[in-house]
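Engineer: Quick one: sequence plus predicted model below, questions after.
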Amino acid sequence: MNVRLSRPLLAVAVSGALLAGGALGASPAFASDPRDSTAAAHAALGDEPAGDDPSTPPVVEPTTPEPSGEPSEPPASEDPAPDPTEPTTPAPDPTTEPTTDPSAPTPDPDPTTPDPGPVSPSPSPDPLDVTAPVGRFSLSATSLWIGQRVTLTQGAISDDTSGPDQISRVVSWGDGTSSTLYAGQAPVKKQYTRNGRYTITVTLRDAAGNTGKAAASSNTVSVTTPGKFKLDKYSVWPGQTFKFTISNVPAGTTKIWLNTGDGYNGAVSGRNQSVTGVYYHHKNGGLVRGKVTIRATFYNKNGASSSFYAAQLTVKKDSWKPTLKVKKPSKANRLKSWKYATGTVKDKGAGVPYVFVWATRINGNAVYCFTPRKTWKRVYSEEEYNNCAPVAVKPSKGKWSLRLKGLKKGTLYIDARAFDWGDNGSKWASVSSKITRS
């Protein structure tokens, strides 16, 4: 059915319903309207016309009702009351369809539209930070000995925009190493293990990437090894003395610690001097042989240097045993011939420091030992006798002698043995004589 023909009929029907009943929903005549046109209109409102292009919007006819000889009421809704046999949902009103093709282009705005006014300018960006941070640091010393430590202390560090925690601090120690510091960090120490002159720099970097160098009254450290050393001999026998001379000792040296390589280490005063040394046994046992290194450690207000090489010598090996003799007097039975026990000793190597002499007098059943205190002591058992200690006698020019003070008549026994500095022992040497006369 054509929409253009059914619309006026619908308007007349609606108008008639209003005149006849006063209200569309209350008119029994409209509710039971038997006209085909009403049914057709109702069907048209619920279904699209067959054959129409669904993409073309329907043309809406005016809804003004036909003139009537009777006074007309204001037009009521153009939608007819639903057929009681149909669902009560009202059909869509064709008058609500758009009258403008939605695909039509939007017209350009009127060129005469008034100017909205000046546009507010955008906020200006913050100016770029191009200023590097500044600061200071200080060093505890500018002259050190090898192995000593310098202390670096941070001073005030500031920047125009970055806070202290935003400023990085990197210390270059001048020897290829570096350290990163943080704000408020305690002083840091650096040890130098090689002689040289080292330049210390502290690089500051703010949050914007600007870098600067912290200033210091002095940023260089000179590292040296103190003292000079000399030996009067570079090859010695065990027990042979030598001189070790220390010179060029810097002012302010408080002491010098010497490590002699045998465990018998010790300190000497902090001045130029010569000390006498000798090698025999290691402190923990065993004969000293071969190359021995002497090391020194110097002390001053900056602490201790490292232990460094001072000198080296060689302790020779002694393979010879000493030879020892005890001399028997020509008148051995006379007491006055035994005022001294005497003899000789020889050694090809290191030499003999002492001859050990045991003197024993037996008179009947009484046995006496000559003690290291140079007195005679009676012993009453083999155990006591075996515990009798010898007297150590220092030889001179190959000869030795021991005064036998307090000797009396009886049978005298003199036994002796010698050991050289190489711990080589001689054979036993012994003499005896029965003293019967003064």
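Structural biologist: Cool, got the structure. Just so we're clear, the structure is a prediction, and the values are computed from it rather than from any experiment.

Engineer: Go ahead and confirm Asn210 touches Pro133.
Structural biologist: Yes. Applying C-beta atoms under 8 Å, one finds Asn210 in contact with Pro133, separated by 6.9 Å. (C-beta placed from N, C-alpha, C; glycine too.)

Engineer: which residues do the two both contact?
Structural biologist: Counting by C-beta atoms under 8 Å, 6 or more residues apart in numbering, the contacts common to Asn210 and Pro133 are Asp159.

Engineer: More neighbours: which of the two?
Structural biologist: Taking other C-beta atoms under 10 Å, Asn210 and Pro133 do not tie; Pro133 has more neighbours (26 against 19).

Engineer: Identify the residues contacting the closest residue to the more buried one other than its chain neighbours.
Structural biologist: Distance criterion C-beta to C-beta, 6 or more residues apart in numbering; nearest residue to Pro133, sequence neighbours excluded, is Asp159 at 3.8 Å. Applying C-beta under 8 Å, 6+ apart, one finds that Asp159 lies in contact with 131-134, 166-167, 204, 206, 210.

Engineer: what about Pro372, how many residues close to it?
Structural biologist: When neighbours are defined as other C-beta under 10 Å, Pro372 has 11 of them.

Engineer: so what's it up against?
Structural biologist: 389-392.

Engineer: Which residue comes closest to Thr211 once chain neighbours are left out?
Structural biologist: Per C-beta to C-beta, 6+ apart, closest to Thr211 is Arg205, 4.8 Å.

Engineer: looking only at pLDDT, what's the mean for stretch 424-433?
Structural biologist: The pLDDT scores in stretch 424-433 average 98.

Engineer: Touching that stretch from outside, list them.
Structural biologist: Residues outside stretch 424-433 that contact it (C-beta under 8 Å, 6+ apart) are 318-329, 332-333, 338, 343, 345, 347, 349, 352, 411-419.

Engineer: repeat for stretch 383-391
Structural biologist: Contact with stretch 383-391 is made by 356-360, 367, 369-372, 374, 377, 379, 402, as judged by C-beta under 8 Å, 6+ apart.

Engineer: ChimeraX command to pick out the buried ones of those?
Structural biologist: Buried residues within the contacts of stretch 383-391, by 16 or more other C-beta atoms under 10 Å, are selected in ChimeraX with:
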select :356,357,358,359,360,367,369,370,379,402
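
Engineer: would you turn the contacts of stretch 383-391 into CSV with secondary structure, pLDDT and distance to Lys427?
Structural biologist: Compiled in CSV, the contacts of stretch 383-391 are given as follows (DSSP: H, G, I helix; E, B strand; the rest coil; pLDDT from 0 to 100; distance: C-beta to C-beta, whole Å):
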residue, secondary structure, pLDDT, distance to Lys427
Phe356, strand, 98, 13
Val357, strand, 98, 15
Trp358, strand, 98, 15
Ala359, strand, 98, 19
Thr360, strand, 98, 19
Val367, strand, 98, 25
Cys369, strand, 97, 22
Phe370, strand, 98, 22
Thr371, coil, 97, 25
Pro372, coil, 97, 23
Lys374, coil, 96, 26
Lys377, strand, 97, 27
Val379, strand, 97, 26
Leu402, strand, 98, 19
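
Engineer: Can you tell me which of the contacts of stretch 383-391 lies closest to Ala183?
Structural biologist: Nearest to Ala183 among these is Pro372, at 73.0 Å by C-beta to C-beta.

Engineer: Which among the contacts of stretch 424-433 count as buried?
Structural biologist: Using 16+ other C-beta under 10 Å, the buried members of these are 318, 321-322, 324-329, 338, 343, 345, 347, 349, 352, 412, 414-419.

Engineer: from those residues, which ones fall inside helices?
Structural biologist: The members of these all map outside helices under DSSP state H.

Engineer: ok, now how distant is Asp160 from Leu128?
Structural biologist: To Leu128, Asp160 is 12 Å away according to C-beta to C-beta, to the nearest Å.

Engineer: Between the two, which is the more surrounded one?
Structural biologist: It is Asp160, of Asp160 and Leu128, that has more neighbours when counted by other C-beta under 10 Å, with 13 against 8.

Engineer: Where does the prediction get shaky in the stretch 101-250 of the chain?
Structural biologist: Scanning the stretch 101-250 of the chain with the threshold set as pLDDT under 70 gives 101-127.

Engineer: What are the boundaries of the strands in it?
Structural biologist: 134-139, 143-145, 149-158, 168-172, 178-181, 188-191, 196-199, 201-205, 211-213, 220-224, 228-231, 235-236, 241-247 (DSSP state E, counting those that start in this stretch).

Engineer: ok, Arg417 - contacts?
Structural biologist: In this structure, Arg417 makes contact with 324, 355-356, 425-429, judged by C-beta under 8 Å, 6+ apart.

Engineer: Can you tell me which of these comes closest to Ser178?
Structural biologist: Distances from Ser178 to these, taken by C-beta to C-beta, are shortest for Gly425, at 62.8 Å.

Engineer: For the closest one, which residues count as its bridge partners?
Structural biologist: Counting by DSSP bridges, Gly425 forms beta bridges with Phe419.

Engineer: what about it, how many neighbours?
Structural biologist: 13.

Engineer: Could you measure from it over to Tyr385?
Structural biologist: Taking C-beta to C-beta as the measure, Gly425 falls 22 Å from Tyr385.

Engineer: Find the residue closest to the residue positioned nearest the centre of the chain in space, skipping its chain neighbours.
Structural biologist: By C-alpha atoms, centre = their mean, the chain has its centre lying nearest to Ser179, at 9.7 Å. Sequence neighbours aside, Val171 is the residue nearest to Ser179 in space, at 4.7 Å (criterion: C-beta to C-beta, 6+ apart).

Engineer: residues contacting that neighbour?
Structural biologist: Contacts of Val171 by C-beta under 8 Å, 6+ apart are 152, 178-181, 188, 200-202.

Engineer: Columns distance to Asn302 on top of these, output as a markdown table?
Structural biologist: Listed next are these as a markdown table, based on distance: C-beta to C-beta, whole Å:
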| residue | distance to Asn302 |
| --- | --- |
| Leu152 | 14 |
| Ser178 | 22 |
| Ser179 | 20 |
| Thr180 | 25 |
| Leu181 | 22 |
| Val188 | 16 |
| Ile200 | 16 |
| Thr201 | 22 |
| Val202 | 21 |
